[in-house]
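A.B. asks: coordinates only, sequence not included:
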């Protein structure tokens, strides 16, 4: 039976319908006009909670892998708290590293 009859596109490029399967789920919340708001973060956290039943949770509690939300870098906050000059907004990155105790 052709893939189109199952609701999938025909094989093309790197895509093949035989690779289709259920996944844990993804949610995206954004303001298409680029406005920043606490409401977007609240909705993202709600979406994350609603994906819990699909496996969107830390699958290995000792390493903390799993799901979370991505946000823009809070430039004004970092400038106020960093204690040193930062480059122009959009030209630096921020990250979190989990190091062993005593490192």
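C.D. replies: Received the coordinates, thanks. Every value quoted in this text rests on a predicted model; they were computed, and no experiment measured them.
A.B. asks: can you name the residues that contact the closest residue in space to residue 92 that isn't next to it in sequence?
C.D. replies: Spatial nearest neighbour of residue 92, chain neighbours left out: residue 86 (5.9 Å); criterion: C-beta to C-beta, 6 or more residues apart in numbering. Placement of C-beta: from N, CA and C, glycine included. Residue 86 makes contacts with 75, 78, 79, 92, as judged by C-beta atoms under 8 Å, 6 or more residues apart in numbering.
A.B. asks: just the pLDDT at the third one, thanks.
C.D. replies: By that I understand residue 79. At residue 79, the predicted lDDT confidence score is 94.
A.B. asks: buried sites along the helix or strand bottoming out on mean pLDDT in the chain?
C.D. replies: Lowest by mean pLDDT, DSSP states H and E among the helices and strands of the chain is helix 38-50, with a mean of 89. Judged by neighbour count (16 or more other C-beta atoms under 10 Å), helix 38-50 contains these buried residues: 40, 44, 47, 48.
A.B. asks: tell me which residues touch residue 99, please.
C.D. replies: By C-beta under 8 Å, 6+ apart, the contact set of residue 99 is empty.
A.B. asks: wait, residue 93 sits on residue 72?
C.D. replies: No - using C-beta atoms under 8 Å as the test, residue 93 is too far from residue 72 to be in contact (11.6 Å).
A.B. asks: the more surrounded of these two?
C.D. replies: Remark: of residue 93 and residue 72, residue 72 carries more neighbours, 10 against 6, as counted by other C-beta atoms under 10 Å.
A.B. asks: that one contacts residue 35, correct?
C.D. replies: No - the criterion here is C-beta under 8 Å, and residue 72 misses it with residue 35 at 11.2 Å.
A.B. asks: so what does the least confident helix or strand of the chain touch, helix or strand wise?
C.D. replies: Where contact means 3 or more C-beta pairs under 8 Å, 6 or more residues apart in numbering; DSSP states H and E, helix 38-50 is not packed against any helix or strand.
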